[in-house]
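Student: let me see the structure of the following:
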Amino acid sequence: MAANASVAAILRSNPPQRWTSADVKRWLESIGMDVYAPIFEATGVQGADLITMTADDLKKRCGVSSLGHRTQLMSQIAVLSARANSSIKREGDNKSAVSKRKELLETLYPDKARRENKAAMDEKLLEAREMYWTPDDRKERGAVEQNRAEKLAGGRGMRP
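Tutor: Take a look at the predicted model:
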């Protein structure tokens, strides 16, 4: 029971996917597999590696040749994987209600979100133009665009 308490303490300190090799070593010691701690440390196994390990990885990469030890490690790794997945879900739940609502609306109405985004970008562009263009620049720019439109219409055989 003391081993389970120390595993719980390690899990409370950090989710398994963020463990360093020192945390993995502490975990191995707490489950009674400290004989493999130097090998895990030497191969650089961290929490993210640990929760995705297979029995074949344990045998080839970490040298766990005993079937009983591999089975015990795999069952403990399965527990860690479940804890890691639940901590990932909890981190996703921390989003604010506003951002969740926005994501929902964007999935329900993608065109509206695109239109709003384009309108905001256009507004910023107009603000930038107003800031740098003087009234004379705007008059000149308008005349240039009008001449260009007349030339395009005239080139196609159309009258302005």
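
Student: can you tell me the element Ala82 falls in?
Tutor: Assigned by DSSP states H and E, Ala82 falls within helix 67-93.

Student: from the contact counts, what lies against that helix?
Tutor: Packed against helix 67-93 by the contact rule (3 or more CB pairs under 8 Å, 6 or more residues apart in numbering; DSSP states H and E) you find helix 47-50, helix 55-60. Every C-beta, even on glycine, is put in place using the N, C-alpha and C of the backbone.

Student: of all the residues in the shortest one, which ones are buried?
Tutor: Counting neighbours by 16 or more other CB atoms under 10 Å, one finds that the buried residues in helix 47-50 are Gly47, Asp49, Leu50.

Student: just those residues now: which is nearest Glu130?
Tutor: Looking at those and their distance to Glu130, the nearest is Gly47, at 53.5 Å (CB to CB).

Student: next up, phi/psi of the spatially closest residue to that closest one that is not a sequence neighbour, please.
Tutor: Here the nearest residue to Gly47 in space, its sequence neighbours aside, is Trp19; by CB to CB, 6 or more residues apart in numbering that works out to 2.7 Å. Backbone torsions of Trp19, given as degrees, to the nearest 10, read phi -70, psi 150.

Student: what's around Trp19, how many residues?
Tutor: By the other CB atoms under 10 Å criterion, the neighbourhood of Trp19 contains 25 residues.

Student: close enough to count as contact, it and Trp27?
Tutor: Yes - when contacts are counted by CB atoms under 8 Å, Trp19 is listed as touching Trp27 (7.3 Å).

Student: of all the residues in the host helix or strand of Leu28, which ones are buried?
Tutor: According to DSSP H and E, Leu28 maps onto helix 21-30. Neighbour-count burial for helix 21-30, counted by 16+ other CB under 10 Å, picks out Ser21, Asp23, Val24, Lys25, Arg26, Trp27, Leu28, Glu29, Ser30.

Student: and which of those is nearest Glu130?
Tutor: For those, the minimum distance to Glu130 (CB to CB) is 56.4 Å, reached by Asp23.

Student: could you measure from that closest one over to Val7?
Tutor: 11 Å (CB to CB, to the nearest Å).
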